[in-house]
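A.B. asks: Sequence first, then the predicted structure:
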Amino acid sequence: MKNTFLLTAFIIALFISTNSNAQVGIGVSTANINPSAQLDVTSTTKGFLPPRMTTTQRNAIVYPASGLVIFNTTTNSLEYKSSTGWVLLSAATPTVIPDALPTIQIGTQKWMKENLNTSFYRNGDTIPYVTDATAWAGLTTGAWCYYNNDPANGEIYGKLYNWYAVKDSTHGGLAPLGWYIPTDGDWTTLTTTLGGTSLAGGKMKSAGTTRWTTPNTGATNSSGFAGLPGGYRYDNGTFYNVGSYGYWWSSTEVSTTFAWGRVLFYDYSSVDRSSSSKTGGFSVRCLRD
């Protein structure tokens, strides 16, 4: 008992001594601490995971110190506190390795296996995150949102983008390097490969009723597309149909105000070709170049 007490006291004293001496670093998984570092973490199999929180939670931090680092789940980015405010950490020209993104081959096409969930254009410029319904309804430039402005929906369904973001030509485009937004013709190629519009929907939908409303008619996901019912944002800024319908943009215009897309339904095994307002918010899938 006495030895345990002495050992505990020694460890506490050592900790206090280490933390009170700025010249002594702390090493994790290494005995060779870099002399310029106060904390030296060494690993070839794991990364550093900072605290994760929403913008609201970040703003509730009392007197955040300059240099404080978090991962913001609302903006999906690392952020640090400067003397003038929070700063988003993003590369000026991010490079995305196409093979690093989940991909599914369907016929001759290689599709992203998940909905796009980026906050940045290809050149690294930030895509505006617009929550206000009135502001969304008046947009004629690119923007994104979460369904119902809830970041938890982004983790499941990805982001919703208006068509102006889809067709961006000012910031290098919406699709990551090595990918492009499918045209109306590309979607037609997909549905033809899967047996036509009356059958393709069932083959494209994720199976079961965990995400889809019952009965999720005809859903087999035999294509691997794993389509989810992410709903959409109407052109007046309101949200509809999560759990019941999934909507995806094409890059093809119908007119100056409308563009083509595709819709999957909870109660049909078909896929619909739909003309929608460019101000609406749909999911996005990309194709490999």
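C.D. replies: It's in.
A.B. asks: The stretch 101-250 of the chain: helices as residue ranges?
C.D. replies: Secondary structure of the stretch 101-250 of the chain (DSSP state H, counting those that start in this stretch): helices at 133-137, 151-157, 163-166, 184-193, 197-204.
A.B. asks: quick one: which of the ones you listed is nearest residue 117?
C.D. replies: Closest of the helices of the stretch 101-250 of the chain to residue 117 is helix 151-157, at 6.2 Å (criterion: C-beta to C-beta). The C-beta positions use only the backbone N, C-alpha and C, and glycine is treated the same way.
A.B. asks: Any buried residues in the closest one, and which?
C.D. replies: Neighbour counts using 16 or more other C-beta atoms under 10 Å place 151, 153-154, 157 of helix 151-157 among the buried residues.
A.B. asks: if we take those residues, which one ends up nearest to residue 113?
C.D. replies: residue 157 (13.6 Å).
A.B. asks: Spatially nearest residue to that closest one, not counting backbone neighbours?
C.D. replies: Leaving out its chain neighbours, the residue that sits closest to residue 157 by C-beta to C-beta, 6 or more residues apart in numbering is residue 230, at 3.4 Å.
A.B. asks: who's in contact with the one you found?
C.D. replies: 115, 147, 153, 156-158, 160, 242, 246-247, 283 (C-beta atoms under 8 Å, 6 or more residues apart in numbering).
A.B. asks: tell me which of the residues you listed is nearest to residue 35?
C.D. replies: Looking across the contacts of residue 230 and measuring by C-beta to C-beta, the closest to residue 35 is residue 158, at 44.7 Å.
A.B. asks: and the closest one, backbone torsions?
C.D. replies: Taking degrees, to the nearest 10, you get phi 80, psi -170 for the backbone angles of residue 158.
A.B. asks: ok, it - contacts?
C.D. replies: Contacts of residue 158 (C-beta under 8 Å, 6+ apart): 114-117, 230, 283-284.
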